[in-house]
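Engineer: here is my input, please return the structure:
(one chain, ligands or ions: 2)
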Amino acid sequence: MDIVFTGAAVDFAGRPALHPLTATLRERRIGVIGLNGSGKTTFARLVNGLVRPTAGTVTVDGRDTVGDAEYARGKVGFIFQNPQHQMILPILAEDIAFGLKNRGLGKAEIEARTTAILDRFGIAHLARRRVHELSGGETQLAAIASVLVTGPETLILDEPTNQLDLKNRALIERTILDLPEQAIVITHDLALVEHFERVLVFHAGRLAADGEGAQAVAAYRELAAC
Ligand SMILES: Nc1ncnc2c1ncn2[C@@H]1O[C@H](COP(=O)(O)OP(=O)(O)O)[C@@H](O)[C@H]1O
Ligand SMILES: [Mg+2]
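Structural biologist: Ligands and ions are numbered 1, 2, ... in the order given. Have a look, this model is predicted:
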């Protein structure tokens, strides 16, 4: 799916968080790296209309993310930096079903889809568990399942492995690599994105490098050293 930034910029209270950016994203695996505060989350939130551009436009499949925010939200799922905050209902299966109820699906269809997505991510045994009692890795899988159950074509993950131990980090990395959906991954996990088709490097609100993984990671190391 094509995501097109055309001179898209974001100011917060007159301070630029993202300088005008023009880029087309269509690769299946896109990494986003950069120092803290460099504009990565702001960039990502523009894609599904969570942040509005102060100037320029962002389109998803040719549809404007401001004028047609519902469309962008249907096509682009977002996993927040703290995924426990996006779980709304107390029991995992209910939380997953919630997104489907909102789309007006019938009970049998909702049950079938909920079961299928739990199976897909190997977490069927967690269906009746309380979401706030899940471990870090389980929470991350649960959040991915609850977003993907509604069928977005693209998934954005904001620092998905940051709070995880080595074992869960490997699990979530593998899960991301195996997604058939397009994925945009914001991360400090340079080993994860090193082999991605495309990696964007942000620095002080600007796109400072944009290329295949290894080359972009090298550019980031250089920027971070100064
Ligand atoms: N809602 C907001 N209000 C005011 N300033 C913000 C807001 N969100 C982000 N910023 C500022 O914008 C800049 C970029 O932030 P962000 O996109 O979160 O960076 P990153 O994700 O790379 O750490 C930072 O200076 C941050 O303080
Ligand atoms: Mg961020």
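
Engineer: report pLDDT for the residue lying closest to Leu100 once chain neighbours are set aside.
Structural biologist: Leaving aside its chain neighbours, Leu100 sits nearest to Ile110 (4.5 Å; criterion: CB to CB, 6 or more residues apart in numbering). From N, CA and C alone the C-beta is placed, and that goes for glycine too. In this prediction, Ile110 carries a pLDDT score of 97.

Engineer: in which helix or strand does Ile110 reside?
Structural biologist: helix 107-120 (DSSP states H and E).

Engineer: quick revisit: now the residue nearest to Leu100: how far from Ala124?
Structural biologist: Note on Ile110: its distance to Ala124, by CB to CB, to the nearest Å, is 16 Å.

Engineer: settle it for me: which of these two has more neighbours?
Structural biologist: When neighbours are counted by other CB atoms under 10 Å, Ile110 and Ala124 differ, and Ile110 comes out ahead with 19 against 14.

Engineer: roughly how far does the more buried one sit from ligand 1?
Structural biologist: Distance check for Ile110 against ligand 1: by CB to the nearest ligand atom, to the nearest Å, it reads 34 Å.

Engineer: same check on Arg52?
Structural biologist: Arg52 sits at a distance of 11 Å from ligand 1 (criterion: CB to the nearest ligand atom).

Engineer: now that residue: closest residue in space, sequence neighbours ignored.
Structural biologist: Counting by CB to CB, 6+ apart, Arg52 lies nearest to Val66, which is 5.4 Å off, once chain neighbours are set aside.

Engineer: number of residues surrounding the one you found?
Structural biologist: By other CB under 10 Å, 13 other residues sit near Val66.

Engineer: so what's the residue positioned nearest the centre of the chain up against?
Structural biologist: To find the centre residue of the chain, average its C-alpha atoms and take the closest one (CA atoms, centre = their mean): that gives Ile156, at 1.5 Å. Going by CB atoms under 8 Å, 6 or more residues apart in numbering, Ile156 touches Ala44, Val47, Asn48, Val76, Gly77, Phe78, Ile79, Ala183, Ile184, Val185, Ile186.

Engineer: what's the helix or strand for the first one?
Structural biologist: With elements taken from DSSP H and E, the one containing Ala44 is helix 40-47.

Engineer: and that helix, what other elements does it pack with?
Structural biologist: Other elements packing on helix 40-47 under the criterion 3 or more CB pairs under 8 Å, 6 or more residues apart in numbering; DSSP states H and E are strand 3-12, strand 15-25, strand 29-34, strand 55-60, strand 76-79, strand 154-158, strand 182-186, strand 198-203.

Engineer: now render the ones you listed as TSV, adding distance to ligand 1 and mean pLDDT.
Structural biologist: Output for the helices and strands packed on helix 40-47, formatted as TSV (distance: least, CB to the nearest ligand atom, whole Å; pLDDT from 0 to 100):
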stretch	distance to ligand 1	mean pLDDT
strand 3-12	3	98
strand 15-25	3	98
strand 29-34	5	98
strand 55-60	14	98
strand 76-79	13	96
strand 154-158	7	98
strand 182-186	7	98
strand 198-203	6	98
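
Engineer: make TSV out of the ones you listed and add distance to Ala209.
Structural biologist: Converted to TSV, the helices and strands packed on helix 40-47 look like this (distance: least, CB to CB, whole Å):
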stretch	distance to Ala209
strand 3-12	16
strand 15-25	12
strand 29-34	9
strand 55-60	20
strand 76-79	24
strand 154-158	20
strand 182-186	15
strand 198-203	4
